[in-house]
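Student: Quick check, what structure comes out for this input:
(one chain, ligands or ions: 2)
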Amino acid sequence: ALTRRVACPDGVNTATNAACCQLFAVRDDLQQNLFHGGLCTAEAHESLRLTFHDAIAISPALESQGIFGGGGADGSIAIFSDIETAFHPNIGLDEIVELQKPFIARHNLSVADFIQFAGAIGASNCAGAPQLAAFVGRVDATQPAPDGLVPEPFHTPDQIFARLADASQGEFDEILTVWLLVAHTVAAANDVDPTVPGSPFDSTPEVWDTQFFVEVLLNGTTFPGTGNNQGEVASPIAGELRLQSDFAIARDNRSACEWQSFVDNQPKAQAMFQFVFHDLSIFGQDINSLVDCTEVVRIPTPIERFRHRLTGEDRSRSRLRSRA
Ligand code: HEM
Ligand SMILES: [Ca+2]
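Tutor: Ligands and ions are numbered 1, 2, ... in the order given. Prediction:
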(Lines give C-alpha, C1' and ligand atoms only; values in the text may rest on other atoms or scores of the structure.)
(Ligands and ions follow the chains in the order given, each with its own letter.)
Protein backbone atom coordinates (compact mmCIF):
# COMPACT_ATOMS: atom_id res chain seq x y z
CA ALA A 1 0.00 0.00 0.00
CA LEU A 2 1.18 3.50 -0.71
CA THR A 3 1.61 5.77 2.27
CA ARG A 4 0.61 9.33 1.58
CA ARG A 5 3.49 11.69 2.34
CA VAL A 6 3.29 15.33 3.26
CA ALA A 7 5.54 18.00 1.77
CA CYS A 8 7.59 19.66 4.49
CA PRO A 9 7.79 23.48 4.81
CA ASP A 10 11.54 23.29 4.08
CA GLY A 11 10.59 22.69 0.44
CA VAL A 12 12.99 19.75 0.23
CA ASN A 13 11.79 16.86 2.36
CA THR A 14 8.62 14.83 2.63
CA ALA A 15 7.44 12.91 5.68
CA THR A 16 4.74 10.44 6.62
CA ASN A 17 3.67 12.82 9.40
CA ALA A 18 4.07 16.61 9.40
CA ALA A 19 5.39 16.43 12.96
CA CYS A 20 8.52 14.76 11.60
CA CYS A 21 9.41 17.62 9.24
CA GLN A 22 11.31 19.61 11.87
CA LEU A 23 13.68 16.70 12.46
CA PHE A 24 15.47 16.99 9.11
CA ALA A 25 17.05 20.29 10.13
CA VAL A 26 17.93 18.95 13.57
CA ARG A 27 19.56 15.90 12.01
CA ASP A 28 21.58 17.96 9.54
CA ASP A 29 22.68 20.41 12.23
CA LEU A 30 23.81 17.54 14.45
CA GLN A 31 25.69 15.86 11.64
CA GLN A 32 27.49 19.02 10.56
CA ASN A 33 28.13 20.65 13.89
CA LEU A 34 28.31 17.90 16.52
CA PHE A 35 29.26 14.70 14.69
CA HIS A 36 32.03 16.06 12.44
CA GLY A 37 30.08 15.59 9.21
CA GLY A 38 28.69 12.18 10.19
CA LEU A 39 31.29 10.23 12.14
CA CYS A 40 31.06 7.55 14.82
CA THR A 41 33.45 9.28 17.17
CA ALA A 42 33.33 10.32 20.83
CA GLU A 43 30.41 12.75 20.49
CA ALA A 44 28.32 10.03 18.83
CA HIS A 45 29.25 7.52 21.53
CA GLU A 46 28.52 9.95 24.32
CA SER A 47 25.18 10.96 22.80
CA LEU A 48 24.20 7.29 22.74
CA ARG A 49 25.29 6.80 26.35
CA LEU A 50 23.25 9.87 27.33
CA THR A 51 20.04 8.28 26.00
CA PHE A 52 20.46 5.44 28.49
CA HIS A 53 21.31 7.63 31.47
CA ASP A 54 18.22 9.79 30.87
CA ALA A 55 15.83 6.91 30.18
CA ILE A 56 16.87 4.44 32.88
CA ALA A 57 16.20 6.92 35.70
CA ILE A 58 12.69 5.74 36.46
CA SER A 59 11.63 3.48 39.30
CA PRO A 60 8.16 2.06 39.84
CA ALA A 61 9.61 0.42 42.98
CA LEU A 62 10.34 3.84 44.51
CA GLU A 63 6.94 5.15 43.39
CA SER A 64 5.24 2.26 45.21
CA GLN A 65 6.87 3.54 48.40
CA GLY A 66 5.51 7.01 47.75
CA ILE A 67 8.88 8.38 46.60
CA PHE A 68 9.29 10.16 43.24
CA GLY A 69 11.13 7.65 41.03
CA GLY A 70 12.15 9.78 38.08
CA GLY A 71 10.47 10.25 34.73
CA GLY A 72 12.54 8.04 32.42
CA ALA A 73 13.21 9.47 28.95
CA ASP A 74 12.09 12.95 30.02
CA GLY A 75 15.18 15.08 29.40
CA SER A 76 15.81 15.54 33.12
CA ILE A 77 19.52 14.79 32.74
CA ALA A 78 19.91 17.97 30.64
CA ILE A 79 17.13 20.12 32.14
CA PHE A 80 18.52 19.51 35.64
CA SER A 81 22.08 18.92 34.51
CA ASP A 82 23.62 20.63 37.54
CA ILE A 83 21.95 18.01 39.72
CA GLU A 84 22.00 14.86 37.61
CA THR A 85 25.46 15.10 36.02
CA ALA A 86 26.81 15.30 39.57
CA PHE A 87 25.47 11.78 40.28
CA HIS A 88 28.41 9.37 40.33
CA PRO A 89 27.33 7.07 37.46
CA ASN A 90 26.79 10.11 35.21
CA ILE A 91 30.43 11.18 35.47
CA GLY A 92 31.65 12.73 32.22
CA LEU A 93 28.17 13.31 30.77
CA ASP A 94 28.31 16.98 31.72
CA GLU A 95 30.44 17.50 28.60
CA ILE A 96 28.00 16.07 26.03
CA VAL A 97 25.08 17.76 27.82
CA GLU A 98 26.83 21.14 27.45
CA LEU A 99 27.67 20.43 23.80
CA GLN A 100 24.02 19.55 23.07
CA LYS A 101 22.51 22.60 24.79
CA PRO A 102 22.98 25.09 21.91
CA PHE A 103 21.31 22.61 19.53
CA ILE A 104 18.38 22.24 21.90
CA ALA A 105 18.14 26.04 22.09
CA ARG A 106 17.98 26.56 18.32
CA HIS A 107 15.42 23.85 17.55
CA ASN A 108 11.90 23.28 18.70
CA LEU A 109 11.99 19.77 20.14
CA SER A 110 11.33 18.82 23.72
CA VAL A 111 14.61 18.17 25.53
CA ALA A 112 13.46 14.59 26.02
CA ASP A 113 12.96 14.09 22.27
CA PHE A 114 16.25 15.80 21.47
CA ILE A 115 18.36 13.54 23.69
CA GLN A 116 16.95 10.33 22.22
CA PHE A 117 17.13 11.71 18.68
CA ALA A 118 20.77 12.79 19.03
CA GLY A 119 21.65 9.29 20.23
CA ALA A 120 19.89 7.70 17.26
CA ILE A 121 21.65 10.02 14.81
CA GLY A 122 25.01 9.47 16.51
CA ALA A 123 24.61 5.69 16.26
CA SER A 124 23.62 5.98 12.60
CA ASN A 125 27.17 7.14 11.89
CA CYS A 126 28.61 3.82 13.04
CA ALA A 127 28.96 1.30 10.22
CA GLY A 128 26.97 -1.81 10.98
CA ALA A 129 24.53 -0.10 13.35
CA PRO A 130 20.77 -0.65 13.21
CA GLN A 131 18.47 2.23 12.31
CA LEU A 132 17.33 3.35 15.76
CA ALA A 133 13.84 4.58 16.55
CA ALA A 134 13.07 8.30 16.59
CA PHE A 135 9.89 9.59 18.20
CA VAL A 136 8.62 13.10 18.80
CA GLY A 137 6.08 14.19 21.39
CA ARG A 138 7.73 13.29 24.68
CA VAL A 139 6.82 15.43 27.69
CA ASP A 140 9.74 17.14 29.45
CA ALA A 141 10.64 16.66 33.10
CA THR A 142 9.54 19.10 35.76
CA GLN A 143 11.85 17.67 38.42
CA PRO A 144 15.19 15.85 38.47
CA ALA A 145 15.44 12.10 38.79
CA PRO A 146 16.68 10.83 42.15
CA ASP A 147 20.24 9.52 42.49
CA GLY A 148 20.92 5.79 42.58
CA LEU A 149 19.03 4.62 39.49
CA VAL A 150 21.83 4.40 36.89
CA PRO A 151 23.88 1.16 36.87
CA GLU A 152 27.56 1.36 37.81
CA PRO A 153 30.34 -0.86 36.42
CA PHE A 154 31.07 -2.15 39.94
CA HIS A 155 27.47 -3.31 40.48
CA THR A 156 26.86 -7.06 40.53
CA PRO A 157 24.72 -8.78 37.89
CA ASP A 158 22.03 -9.16 40.58
CA GLN A 159 21.97 -5.40 41.13
CA ILE A 160 21.97 -4.60 37.41
CA PHE A 161 19.31 -7.16 36.51
CA ALA A 162 17.10 -5.92 39.36
CA ARG A 163 17.49 -2.25 38.36
CA LEU A 164 16.65 -2.90 34.70
CA ALA A 165 13.67 -5.06 35.65
CA ASP A 166 12.36 -2.31 37.91
CA ALA A 167 12.82 0.49 35.36
CA SER A 168 11.14 -1.54 32.60
CA GLN A 169 8.32 -2.97 34.73
CA GLY A 170 9.67 -6.45 34.17
CA GLU A 171 10.34 -6.21 30.44
CA PHE A 172 14.16 -6.11 30.60
CA ASP A 173 15.23 -9.45 32.06
CA GLU A 174 18.77 -10.83 32.03
CA ILE A 175 18.45 -11.72 28.34
CA LEU A 176 17.39 -8.22 27.29
CA THR A 177 20.10 -6.77 29.52
CA VAL A 178 22.62 -8.48 27.25
CA TRP A 179 20.82 -6.98 24.26
CA LEU A 180 21.21 -3.49 25.76
CA LEU A 181 24.93 -4.01 26.23
CA VAL A 182 25.40 -4.23 22.45
CA ALA A 183 25.87 -0.45 22.75
CA HIS A 184 29.29 -1.09 24.25
CA THR A 185 30.50 -2.08 20.76
CA VAL A 186 30.82 1.66 20.05
CA ALA A 187 32.17 2.82 23.37
CA ALA A 188 35.12 4.00 25.35
CA ALA A 189 35.70 5.06 28.94
CA ASN A 190 37.06 8.43 29.95
CA ASP A 191 36.58 8.33 33.68
CA VAL A 192 36.91 4.73 34.84
CA ASP A 193 40.67 5.19 34.60
CA PRO A 194 41.22 8.93 34.14
CA THR A 195 44.89 8.38 33.31
CA VAL A 196 43.90 6.84 29.95
CA PRO A 197 40.78 8.68 28.70
CA GLY A 198 39.24 7.26 25.53
CA SER A 199 40.10 3.62 26.26
CA PRO A 200 37.72 1.55 24.09
CA PHE A 201 35.72 -1.51 25.18
CA ASP A 202 36.59 -3.42 22.00
CA SER A 203 39.15 -3.12 19.21
CA THR A 204 36.61 -1.49 16.84
CA PRO A 205 34.92 1.36 18.75
CA GLU A 206 33.85 3.08 15.51
CA VAL A 207 32.16 -0.01 14.10
CA TRP A 208 28.90 -1.57 15.32
CA ASP A 209 30.10 -5.16 15.18
CA THR A 210 30.27 -8.15 17.51
CA GLN A 211 33.92 -7.78 18.54
CA PHE A 212 32.83 -6.49 21.94
CA PHE A 213 31.15 -9.83 22.71
CA VAL A 214 34.22 -11.80 21.58
CA GLU A 215 36.74 -9.68 23.41
CA VAL A 216 34.92 -9.59 26.76
CA LEU A 217 35.11 -13.42 26.71
CA LEU A 218 38.89 -13.52 26.25
CA ASN A 219 41.28 -14.04 29.13
CA GLY A 220 42.08 -10.72 30.83
CA THR A 221 45.80 -10.04 31.16
CA THR A 222 46.44 -6.30 31.11
CA PHE A 223 45.18 -2.84 31.99
CA PRO A 224 45.28 0.17 29.67
CA GLY A 225 46.44 2.41 32.51
CA THR A 226 46.90 2.02 36.21
CA GLY A 227 44.66 -0.95 37.02
CA ASN A 228 42.87 -1.34 40.34
CA ASN A 229 40.19 1.19 39.43
CA GLN A 230 36.70 0.70 40.78
CA GLY A 231 34.57 -1.12 38.17
CA GLU A 232 37.51 -2.19 35.98
CA VAL A 233 39.01 -5.66 35.48
CA ALA A 234 41.90 -6.84 33.32
CA SER A 235 41.39 -6.74 29.55
CA PRO A 236 42.85 -9.04 26.88
CA ILE A 237 44.23 -6.36 24.53
CA ALA A 238 46.67 -3.49 25.05
CA GLY A 239 44.81 -0.19 25.32
CA GLU A 240 41.40 -1.82 25.81
CA LEU A 241 39.42 -1.27 29.00
CA ARG A 242 37.08 -3.93 30.39
CA LEU A 243 34.24 -3.09 32.74
CA GLN A 244 33.73 -5.43 35.68
CA SER A 245 29.98 -5.46 34.94
CA ASP A 246 30.48 -6.57 31.31
CA PHE A 247 32.92 -9.24 32.51
CA ALA A 248 30.47 -10.54 35.11
CA ILE A 249 27.36 -10.51 32.89
CA ALA A 250 29.28 -12.34 30.15
CA ARG A 251 29.97 -15.14 32.66
CA ASP A 252 26.86 -15.18 34.86
CA ASN A 253 24.92 -18.42 34.40
CA ARG A 254 21.73 -16.45 33.66
CA SER A 255 23.25 -14.46 30.79
CA ALA A 256 26.38 -16.27 29.55
CA CYS A 257 24.62 -18.25 26.81
CA GLU A 258 22.89 -15.14 25.52
CA TRP A 259 26.19 -13.28 25.57
CA GLN A 260 27.91 -16.00 23.52
CA SER A 261 25.03 -16.03 21.02
CA PHE A 262 26.11 -12.57 19.83
CA VAL A 263 29.60 -13.73 18.82
CA ASP A 264 29.93 -13.31 15.04
CA ASN A 265 26.17 -12.70 14.80
CA GLN A 266 25.86 -9.26 13.21
CA PRO A 267 22.13 -9.53 12.39
CA LYS A 268 21.49 -10.20 16.07
CA ALA A 269 23.65 -7.27 17.21
CA GLN A 270 21.51 -5.03 15.03
CA ALA A 271 18.00 -6.38 15.56
CA MET A 272 18.15 -6.88 19.31
CA PHE A 273 19.54 -3.44 20.07
CA GLN A 274 17.08 -1.83 17.68
CA PHE A 275 14.30 -3.51 19.64
CA VAL A 276 15.49 -2.59 23.15
CA PHE A 277 16.38 0.99 22.17
CA HIS A 278 12.85 1.50 20.85
CA ASP A 279 11.40 0.56 24.22
CA LEU A 280 14.08 2.22 26.39
CA SER A 281 13.80 5.48 24.48
CA ILE A 282 10.18 5.94 25.54
CA PHE A 283 10.40 4.89 29.21
CA GLY A 284 7.96 6.97 31.21
CA GLN A 285 6.18 8.29 28.11
CA ASP A 286 2.88 7.25 26.54
CA ILE A 287 3.57 5.72 23.14
CA ASN A 288 0.07 6.63 21.97
CA SER A 289 0.89 10.32 22.14
CA LEU A 290 4.18 9.98 20.22
CA VAL A 291 4.79 10.18 16.46
CA ASP A 292 7.21 7.69 14.91
CA CYS A 293 9.77 9.59 12.81
CA THR A 294 12.34 6.82 12.42
CA GLU A 295 12.38 7.49 8.67
CA VAL A 296 14.46 10.61 9.39
CA VAL A 297 17.34 8.46 10.71
CA ARG A 298 19.56 7.38 7.85
CA ILE A 299 20.14 3.66 7.47
CA PRO A 300 23.71 3.08 8.61
CA THR A 301 26.33 1.73 6.22
CA PRO A 302 26.33 -2.04 6.49
CA ILE A 303 29.50 -3.96 7.23
CA GLU A 304 30.10 -7.31 5.53
CA ARG A 305 27.65 -10.15 5.21
CA PHE A 306 27.63 -12.68 8.01
CA ARG A 307 26.79 -16.33 8.24
CA HIS A 308 24.46 -16.14 11.18
CA ARG A 309 20.77 -15.38 11.16
CA LEU A 310 18.31 -14.72 13.95
CA THR A 311 16.88 -17.81 15.56
CA GLY A 312 13.16 -18.37 15.97
CA GLU A 313 13.67 -17.80 19.69
CA ASP A 314 15.22 -14.36 19.03
CA ARG A 315 12.31 -13.43 16.82
CA SER A 316 9.55 -14.58 19.12
CA ARG A 317 11.07 -12.95 22.19
CA SER A 318 11.30 -9.56 20.55
CA ARG A 319 7.84 -9.88 19.00
CA LEU A 320 6.09 -11.01 22.16
CA ARG A 321 7.60 -8.26 24.22
CA SER A 322 7.09 -5.40 21.82
CA ARG A 323 5.09 -2.59 23.38
CA ALA A 324 4.32 -0.71 20.24
C1 HEM B 1 23.58 -1.86 32.23
C2 HEM B 1 24.73 -1.57 32.70
C3 HEM B 1 25.72 -0.57 32.15
C4 HEM B 1 26.82 -0.15 32.83
C5 HEM B 1 27.25 -0.57 34.21
C6 HEM B 1 27.51 0.78 31.97
C7 HEM B 1 28.68 1.45 32.32
C8 HEM B 1 29.42 2.25 31.48
C9 HEM B 1 30.64 2.91 31.84
C10 HEM B 1 31.31 2.86 33.22
C11 HEM B 1 31.08 3.59 30.75
C12 HEM B 1 32.35 4.45 30.65
C13 HEM B 1 32.05 5.87 31.07
C14 HEM B 1 33.32 6.68 31.09
O15 HEM B 1 34.17 6.43 31.95
O16 HEM B 1 33.49 7.57 30.23
C17 HEM B 1 30.13 3.36 29.69
C18 HEM B 1 30.23 3.87 28.43
C19 HEM B 1 29.23 3.77 27.48
N20 HEM B 1 28.01 3.16 27.64
FE21 HEM B 1 27.47 1.97 29.16
N22 HEM B 1 26.84 0.91 30.80
C23 HEM B 1 25.72 0.13 30.85
C24 HEM B 1 24.74 0.03 29.89
C25 HEM B 1 24.69 0.78 28.73
C26 HEM B 1 23.57 0.85 27.85
C27 HEM B 1 22.25 0.12 28.01
C28 HEM B 1 23.90 1.67 26.85
C29 HEM B 1 22.97 2.00 25.72
C30 HEM B 1 22.73 3.16 25.23
C31 HEM B 1 25.26 2.13 27.08
C32 HEM B 1 26.00 2.93 26.25
C33 HEM B 1 27.30 3.33 26.49
C34 HEM B 1 28.12 4.03 25.51
C35 HEM B 1 27.73 4.35 24.08
C36 HEM B 1 29.34 4.32 26.16
C37 HEM B 1 30.54 5.02 25.56
C38 HEM B 1 30.59 6.49 25.86
C39 HEM B 1 31.85 7.11 25.28
O40 HEM B 1 32.54 6.48 24.46
O41 HEM B 1 32.15 8.24 25.67
N42 HEM B 1 25.70 1.57 28.24
N43 HEM B 1 29.12 2.54 30.17
CA1 LIG C 1 32.96 -2.45 17.84
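
Student: Shouldn't residue 45 be within a helix?
Tutor: Yes. Using DSSP: H, G, I helix; E, B strand; the rest coil, the assignment for residue 45 is a helix.

Student: Now do the helices in the stretch 151-300 of the chain.
Tutor: 157-167, 174-180, 211-217, 244-251, 256-261, 266-280 (DSSP state H, counting those that start in this stretch).

Student: Out of the ones you listed, which gets nearest to ligand 2?
Tutor: Each of these has some distance to ligand 2 by C-beta to the ion; the shortest is helix 211-217, at 4.8 Å. Glycine gets a C-beta too; all of them are placed from N, C-alpha and C.

Student: Run through who's touching that closest one.
Tutor: 181-182, 184-185, 187, 201-204, 235-237, 240, 242, 246-247, 250, 259-260, 262-264, 269 (C-beta atoms under 8 Å, 6 or more residues apart in numbering).

Student: Buried ones among the residues you listed?
Tutor: 181-182, 184-185, 187, 201-204, 235-237, 240, 242, 246-247, 250, 259, 262-263, 269 (16 or more other C-beta atoms under 10 Å).

Student: Ligand 2 contacts on the stretch 101-250 of the chain?
Tutor: Neighbours of ligand 2 within the stretch 101-250 of the chain, by C-beta under 5 Å from the ion: 185, 202, 204, 207, 209, 211.

Student: and the contacts of helix 211-217 near ligand 1, which?
Tutor: 181, 184, 187 (C-beta under 6 Å from any ligand atom).

Student: my guess is residue 298 contacts residue 122, does it?
Tutor: No. Counting by C-beta atoms under 8 Å, residue 298 does not reach residue 122; the two are 11.7 Å apart.

Student: the more surrounded of the two?
Tutor: Higher neighbour count among residue 298 and residue 122: residue 122, with 31 against 14, using other C-beta atoms under 10 Å.

Student: residues near residue 311, how many?
Tutor: What residue 311 shows, counting by other C-beta under 10 Å, is a neighbour count of 12.

Student: I'd like to know the phi and psi angles of it, please.
Tutor: phi -90, psi 160 (degrees, to the nearest 10).

Student: Could you find the closest non-adjacent residue to it?
Tutor: Spatially, and ignoring its direct neighbours in sequence, residue 311 is nearest to residue 261 (8.0 Å; C-beta to C-beta, 6 or more residues apart in numbering).

Student: and residue 114, what does it touch?
Tutor: Residue 114 touches 26, 75, 78, 100, 103-104, 107, counting by C-beta under 8 Å, 6+ apart.

Student: which among those residues end up buried?
Tutor: Looks like these have 26, 75, 78, 100, 103-104, 107 buried, using 16+ other C-beta under 10 Å.

Student: Okay, now the unreliable bits of the protein?
Tutor: Judged by pLDDT under 70, the chain has its weakly predicted residues at 1-2, 305-309, 319-324.

Student: rerun at 80
Tutor: Within the chain, the ranges that satisfy pLDDT under 80 run 1-3, 304-312, 314-324.

Student: who touches the residue in the stretch 201-324 of the chain positioned nearest to ligand 1 in this structure?
Tutor: Ranked by C-beta to the nearest ligand atom, the top residue of the stretch 201-324 of the chain for proximity to ligand 1 is residue 245, at 4.1 Å. Taking C-beta under 8 Å, 6+ apart, we find residue 245 in contact with 151-155, 157, 160, 231.
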